[in-house]
Structures are given as C-alpha cells and as structure tokens.
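Colleague: fold the following and give me the result.
(one chain, ligands or ions: 1)
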Amino acid sequence: MTEQIQPVRGMNDVLPAESVWWQHLEDTVRELLLAYGYEEIRVPVVEHTELFKRAIGEFTDVVEKEMYTFTDQGGDSLTLRPEATAGIARAMISNGLLRGARHKLWCIGPMFRHEKPQKGRYRQFYQVDVEAVGFAGPDIDAELIALTARLWRRLGITRVKLQINSLGTPDSRRAYRERLVEYFSAHHDRLDEDSRRRLTGNPLRILDSKNPDLQQLIAGAPLLTDYLDADSQAHFAALRATLDAMGIGYSVNPRLVRGLDYYSRTVFEWITDALGAQDAVCSGGRYDGLITQLGGEPTAAIGFAMGLERAVELLRQLPSQPQAPAADVYVVLNGEQAAIAGGRIVETLRDALPHRRFEMNLGGGNFKAQFRRADRSRAALALIIGENELSRGVAALKPLRLEAGQSECPMTQLPERIEAALRGTDLQE
Ligand code: HAM
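Modeller: This is a model prediction of the structure:
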C-alpha cells in the first residue's frame with residue numbers, strides 16, 4: 001500500500017463536527033466587533049522576515065526560536081506570520097492610512113510559531129486580532145477590555161480572569177531594566193541558562209520564567225510599578241477607575257510583562273484555570289512606539305488577540321452544545337424521470353425560498369434508504385417527487401418531525417405550501 005502522508009506536527013484539521021463550535025465563536029465575535037464599530041482588515045500570511053524582527057524584537061522567543069522563515073525563489077527572506085499586529089501596523093503605513101486618522105480594526109486567521117506542541121499550544125493556531133490605531137487615551141484600553149468581558153458573557157464562558165499591568169514608557173522601562181540587571185547579576189549563580197541569556201538581551205522576560213527554582217528570586221526582584229513615569233501612572237489609574245466604574249473585575253499583576261517587545265503602558269491578559277499549562281486565552285496591550293519603529297509617523301495604538309483553539313476548548317466544556325443547522329426540506333425522488341425533473345424543481349424552489357435549506361437526494365437509492373438519509377439530515381419536511389405525481393403536475397409533502405400524513409400539492413403552489421408547512425413546524429417546536 002502507498003504510504004500515507006501525515007499532517008505536519010502541531011497543525012490541526014478542524015473537522016465538520018468541530019466547526020460548529022468555531023462558527024458559533026466566530027459569529028459571536030463578528031457580531032460584537034461590528035457592534036463596537038470595528039472593521040475587518042485582511043493582511044498577508046507571509047511578510048518580510050525583517051518586519052517581525054523589528055516589531056516583535058530580536059531577543060524574544062518568537063523571533064529567536066519560533067519563526068517559520070524561508071528564502072523564496074527570488075532570494076527574499078520571508079516568514080509565516082507568528083502574529084497579526086506587525087502586519088496590520090505595516091499595512092497602515094504601506095497604504096498611507098495614518099495621517100492622524102483613527103482606525104478600529106480586526107482580523108482573523110492562522111498564525112504560525114514553531115513551539116513545542118501540547119494541549120492548547122500549536123504550531124498553526126488561529127487568532128482573532130483586534131487593533132485600535134490612533135487612540136492614545138486610557139478610554140480605548142477600557143473599551144477593548146469591556147468588549148472582551150462582554151464576549152465571555154455572551155458565550156457563557158465564566159472560567160476566565162483578567163490581569164492587567166502597566167509597562168510604562170521605553171524611558172521609564174530603561175531605568176527599571178538597569179535596576180533589574182543589577183539585581184539578577186548579583187544573583188547570577190542562581191539563574192538558569194535561559195535567564196542568563198535573557199539577562200543581556202531581554203531581562204524583563206526573566207520575570208516570566210516558569211522555572212520553579214527561580215520563583216523565589218523573581219518574587220524578590222524590584223517592581224516595574226515603582227519605576228513608572230508620572231504620565232503612565234496617570235494612564236493606568238484612569239484605566240483602573242474606568243474598569244471599576246464598568247464593574248469589570250481584574251487583578252493587577254506587576255509581573256505581567258508579555259512575550260513581545262513592542263508593548264508600552266497597558267498590558268492585559270485573560271487567563272483561565274480550565275486549560276492546563278496554556279492559561280492565556282486572550283492577551284494584548286498598548287504599543288505606542290511600534291508604528292514609528294516601523295517607519296510610520298508617531299501613532300498610539302492598542303490591541304489584543306484571542307487564541308481560537310483555546311476559546312473553542314472553553315466553549316466545549318460548557319453544558320450547552322451548539323448544533324449544526326438542520327435541513328428544511330429533504331427531496332425524495334422516485335424513478336429516473338423524477339431524478340431528472342427533481343434537479344430543475346429544486347433549483348426553482350431555491351429561487352423562490354432562498355433562506356430555506358433544501359437537501360436533494362443524491363446518488364439514487366430505494367425509498368427506505370432515501371428516508372433514512374432524510375432522517376439523518378434532520379429535515380422538517382420531505383418533498384416526494386415521483387413519476388406518477390409528475391405526470392399529474394403534483395408532488396407530495398410529508399412532515400418528518402410531526403405526526404401528520406402525506407399530502408399532495410400542485411407543483412405551482414409548492415413554494416407557498418412548503419413555507420407554510422415549515423412555519424407550522426417552527427411554531428410547534
Ligand atoms: P500573544 O500573547 O503572543 O499576543 O498571543 C495572543 C493569544 O494567542 C494568546 O493569548 C493565546 O490565546 C494565543 N496563542 C499564542 N500562541 C499560541 C499557540 N502556539 N497555540 C495556540 N494559541 C496560541 C499576540 O499575538 C499579540 N499580537 C496580541 C496583540 C494584538 N497585542 C496587541 N495587539
């Protein structure tokens with residue numbers, strides 16, 4: 001037998017039985033984003049490698065270890081996007097959309113990171129990414145968080161908690177960074193290999209280490225909060241006051257530093273205890289310096305991304321289950337002539353009743369087999385087209401989910417009669 005081709009490790013198929021969950025999630029997100037005034041943007045999956053290096057930072061795990069980078073036939077170094085913010089910022093600049101304008105944007109799609117796959121952590125994963133570009137004040141920070149809080153409520157997800165922090169400005173962070181390097185250097189012998197490497201490149205990331213041996217040392221490290229500049233402090237205080245006024249619960253986590261370098265001021269993360277080690281479902285923050293760093297005019301911005309696999313997993317743990325929509329009408333065909341005429345009749349019905357779902361019996365089969373398929377389609381109604389009926393210009397209708405007999409209907413009246421029968425079923429359900 002020919003050897004089968006395996007899927008790429010860490011990259012998953014979403015099968016029809018699971019896509020019901022995805023659609024429920026995506027429909028809810030889309031509806032909410034529309035209600036908050038966000039517009040969809042689509043950016044390429046592939047960008048110049050340089051974009052991610054400059055935006056995300058050379059000393060981040062993503063850029064150091066996780067990017068899918070390749071040289072294309074023209075000799076350019078390209079990378080499969082590990083996240084969407086850099087591409088969206090680039091798109092704003094390349095398309096001349098800034099010039100003081102403000103944009104509320106969202107995008108959905110696959111991201112790629114060569115991480116060690118485990119439950120909730122994949123090499124291809126989907127994000128809904130939301131970005132507000134051109135907004136400097138803490139009001140938008142609060143609005144974005146309120147949007148995510150509402151999303152959980154709409155979806156019925158309760159096992160999530162909000163953590164927030166402020167990273168200050170690059171200047172205030174520089175002063176803190178120096179203090180941190182001093183502190184960790186003084187305890188160099190207690191650091192693991194990863195942290196020693198980060199000490200020169202990205203010392204803030206040491207605070208994020210999961211190594212249990214380091215936790216005590218990290219707990220004693222100086223706090224970024226104590227180094228915040230006055231404006232960042234005021235920004236953070238206003239955000240907290242707004243969240244309090246909105247009744248949105250949160251905790252301030254002074255060790256929340258995020259894995260990407262472009263953040264400044266507000267960062268936040270929705271975490272859950274329902275997914276094991278991969279506890280972040282939705283994370284983001286402000287990135288006021290990124291657009292300048294990429295060659296655009298100074299533009300404040302903030303955004304977040306939600307991991308769809310993780311959100312779907314939270315949905316699956318809920319008691320209520322979304323169901324794939326059922327067919328409305330299953331068309332049963334009796335005889336060769338009926339099969340030929342059936343196609344035409346159903347197409348006419350689809351014209352007349354565009355919102356109804358018709359499932360045509362395909363591939364023949366006796367009556368019993370066809371009714372079995374009708375049953376599986378969960379249709380409310382069977383439309384039976386037989387040769388005898390055809391010659392008399394009629395068809396038969398049979399409700400499938402109600403105790404009612406079959407009735408004949410002139411072809412010309414089919415749309416009205418089908419609609420009436422379906423409404424009757426809808427009412428009785
Ligand atoms: P991030 O924290 O790297 O941020 O990713 C955001 C979310 O994507 C995470 O909270 C998680 O739910 C999901 N995620 C990340 N990596 C994986 C993975 N390997 N497998 C499954 N899910 C994953 C960003 O990407 C930023 N661009 C967010 C942002 C937008 N900040 C400002 N604007």
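
Colleague: which positions in the stretch 301-429 of the chain make contact with the ligand?
Modeller: With C-beta under 6 Å from any ligand atom as the criterion, the stretch 301-429 of the chain comes near the ligand at residues 303, 304, 305, 307, 309, 310. Bear in mind the C-beta positions are built from the backbone N, C-alpha and C, glycine included.

Colleague: and the last one, what does it touch?
Modeller: If a contact means C-beta atoms under 8 Å, 6 or more residues apart in numbering, then residue 310 has 120, 272, 275, 278, 280, 281 as its contacts.

Colleague: tell me the SS of residue 330?
Modeller: At residue 330, secondary structure determined by DSSP: H, G, I helix; E, B strand; the rest coil is strand.

Colleague: for it, what are its contacts?
Modeller: For residue 330, the contact set (C-beta under 8 Å, 6+ apart) comprises 358, 359, 361, 370, 373, 374, 377, 379, 381, 382, 383, 400.

Colleague: cool, residue 408 as well?
Modeller: 389, 394, 395, 396, 397.

Colleague: distance of the closest residue in space to the second one that isn't next to it in sequence from the ligand?
Modeller: If I follow you right, that is residue 394. Nearest residue to residue 394 in three dimensions, chain neighbours excluded: residue 408, at 4.9 Å (C-beta to C-beta, 6 or more residues apart in numbering). Between residue 408 and the ligand the computed distance is 56 Å (C-beta to the nearest ligand atom, to the nearest Å).

Colleague: got it, and residue 4?
Modeller: Taking C-beta to the nearest ligand atom, one finds residue 4 at 25 Å from the ligand.

Colleague: thinking again about what came up before, who wins on neighbours among the contacts of residue 408?
Modeller: Ranked by the number of neighbours (other C-beta atoms under 10 Å), these place residue 395 first, at 25 neighbours.

Colleague: confirm that one sits in a helix?
Modeller: No: counting by three-state DSSP, residue 395 is not part of a helix but strand.

Colleague: wait, it sits on residue 388?
Modeller: No: using C-beta atoms under 8 Å, residue 395 is not in contact with residue 388, being 10.7 Å away.

Colleague: need the pLDDT of residue 429.
Modeller: At residue 429, the model reports a pLDDT of 53.

Colleague: likewise residue 208?
Modeller: The model's pLDDT for residue 208 equals 82.

Colleague: so what's the residue count around it?
Modeller: 16.

Colleague: same check, this time on residue 291
Modeller: Residue 291 is flanked by 23 other residues according to other C-beta under 10 Å.

Colleague: next one: it from the ligand, what distance?
Modeller: As judged by C-beta to the nearest ligand atom, residue 291 and the ligand stand 12 Å apart.

Colleague: which of the residues of the stretch 301-429 of the chain next to the ligand are buried, as a ChimeraX select command?
Modeller: Selecting only the buried entries of those in ChimeraX, with 16 or more other C-beta atoms under 10 Å as the criterion:
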select :303,304,305,307,309,310
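
Colleague: secondary structure added to the residues of the stretch 301-429 of the chain next to the ligand, as CSV?
Modeller: CSV is the format used below for those (three-state DSSP):
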residue, secondary structure
303, strand
304, strand
305, strand
307, strand
309, helix
310, helix
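
Colleague: show me where the stretch 201-350 of the chain has its helices.
Modeller: All helices of the stretch 201-350 of the chain, identified by DSSP state H, counting those that start in this stretch, fall at 215-219, 230-246, 290-293, 308-316, 336-352.

Colleague: any chance of these in JSON lines with distance to residue 47 as columns?
Modeller: Shown next, in JSON lines, are the helices of the stretch 201-350 of the chain (distance: least, C-beta to C-beta, whole Å):
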{"stretch": "helix 215-219", "distance to residue 47": "34"}
{"stretch": "helix 230-246", "distance to residue 47": "30"}
{"stretch": "helix 290-293", "distance to residue 47": "14"}
{"stretch": "helix 308-316", "distance to residue 47": "21"}
{"stretch": "helix 336-352", "distance to residue 47": "42"}
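
Colleague: let me see the domain layout of the chain.
Modeller: Annotated domains of the chain cover 16-169+229-316, 329-422 [automatic domain parsing].

Colleague: residue ranges with poor pLDDT in this structure?
Modeller: Applying pLDDT under 70 to the chain flags residues 425-429.

Colleague: from the middle of its chain, how far away would stretch 370-388 be?
Modeller: Centre-to-centre, stretch 370-388 and its host chain are 37 Å apart (C-alpha atoms, centre = their mean, to the nearest Å).

Colleague: right, I mislabeled it, should have said stretch 288-303
Modeller: Its chain's C-alpha centre and that of stretch 288-303 lie 24 Å apart, by C-alpha atoms, centre = their mean.

Colleague: so what touches that stretch?
Modeller: Stretch 288-303 is contacted from outside by 51, 54-55, 85-86, 88-90, 92-93, 98-99, 129-136, 140-141, 144, 169-170, 262, 264-266, 284-287, using C-beta under 8 Å, 6+ apart.

Colleague: ranges for the strands of the stretch 151-300 of the chain?
Modeller: 160-166, 251-252, 266-272, 280-286 (DSSP state E, counting those that start in this stretch).

Colleague: out of those, nearest to the ligand?
Modeller: strand 280-286 (3.6 Å; C-beta to the nearest ligand atom).

Colleague: for the closest one, name the packing helices and strands.
Modeller: helix 138-155, strand 266-272, strand 301-307, helix 308-316 (3 or more C-beta pairs under 8 Å, 6 or more residues apart in numbering; DSSP states H and E).

Colleague: same list, those, but as a markdown table with distance to residue 239 please.
Modeller: As requested, the helices and strands packed on strand 280-286 are exported to a markdown table (distance: least, C-beta to C-beta, whole Å):
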| stretch | distance to residue 239 |
| --- | --- |
| helix 138-155 | 4 |
| strand 266-272 | 6 |
| strand 301-307 | 10 |
| helix 308-316 | 24 |
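
Colleague: buried residues, the longest helix that the chain contains. List them.
Modeller: Counting by DSSP state H, the longest helix found in the chain is helix 16-35. Within helix 16-35, the residues that qualify as buried by neighbour count (16+ other C-beta under 10 Å) are 21, 22, 24, 25, 26, 28, 29, 32, 33.

Colleague: thanks a lot, catch you later.
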